[in-house]
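>>> Okay, sequence plus prediction incoming.
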Amino acid sequence: MSKEAPSSYTLHKKEPSKTEHVIRQLAQSPYPALFLSAINFAALKQAGKRVRGYPTVMQCMGYTGIFGASSYALSTGDSVNGSGLASVWSAIWLFFNARNAWKSRRLFPLTMAGAVAAIGSSYGFHYFTYA
């Protein structure tokens, strides 16, 4: 029997670092997406008053549902689709709301934007590097 030469993929394959391992564990958990759903739900009261820096009422309700759906997908074991949903909708949230949060200089909108960016990035890392 002849032994095959290793491919370039196996030669350059590296072991994941501890940081990558932690990010992957977080991105396979439904709890960060559930947290995003909860903070959008918590923002509904201020959004109803049209306080500067908060998303609109319709946006808060929509993002609450979308992040809840991605949390459900992750809880059923579908880490690819759940992380894909959470990362894409986090990017959309940031596109529409990050500038207003930054301009308002209020603590809760800035915290929301930071949480959406951090959690969305971890889900995006998992989705785009899924092997």
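Looks like it came in fine. Numbering: from 1, shown residues only.
>>> where in this protein is pLDDT low?
1-14, 131 (pLDDT under 70).
>>> again, only using 90
Within the chain, the segments meeting pLDDT under 90 span 1-28, 79, 126, 128-131.
>>> Show me where it has its helices.
Secondary structure of the chain by DSSP state H: the helices cover 8-12, 18-27, 31-42, 44-48, 57-75, 79-104, 107-128.
>>> Tell me who's in contact with the closest residue to Gly68 other than its chain neighbours.
Distance criterion Cβ to Cβ, 6 or more residues apart in numbering; nearest residue to Gly68, sequence neighbours excluded, is Ser37 at 4.4 Å. The C-beta positions use only the backbone N, C-alpha and C, and glycine is treated the same way. Ser37 makes contact with Tyr63, Thr64, Gly65, Phe67, Gly68, Ser71, according to Cβ atoms under 8 Å, 6 or more residues apart in numbering.
>>> Name the nearest of the residues you listed relative to Ala42.
Thr64 (9.4 Å; Cβ to Cβ).
>>> Top of the contacts of Ser37 by number of neighbours, please.
Phe67 (29 neighbours; other Cβ atoms under 10 Å).
>>> and stretch 83-103, which residues are buried?
Across stretch 83-103, burial judged by 16 or more other Cβ atoms under 10 Å covers 83-90, 92-93, 97-98, 101.
>>> Show me what that stretch is in contact with.
Contacts for stretch 83-103 (Cβ under 8 Å, 6+ apart): 27-28, 32-33, 36, 52-55, 59, 63, 66-67, 69-71, 73-74, 109-110, 112-113, 116-117, 119-121, 123-124, 126-128, 130.
>>> go again using 7 Å as the cut-off
Applying Cβ atoms under 7 Å, 6 or more residues apart in numbering, the external contacts of stretch 83-103 come out as 27, 33, 53, 55, 59, 63, 66-67, 69-70, 73, 109-110, 112-113, 116-117, 119-120, 123-124, 126-127.
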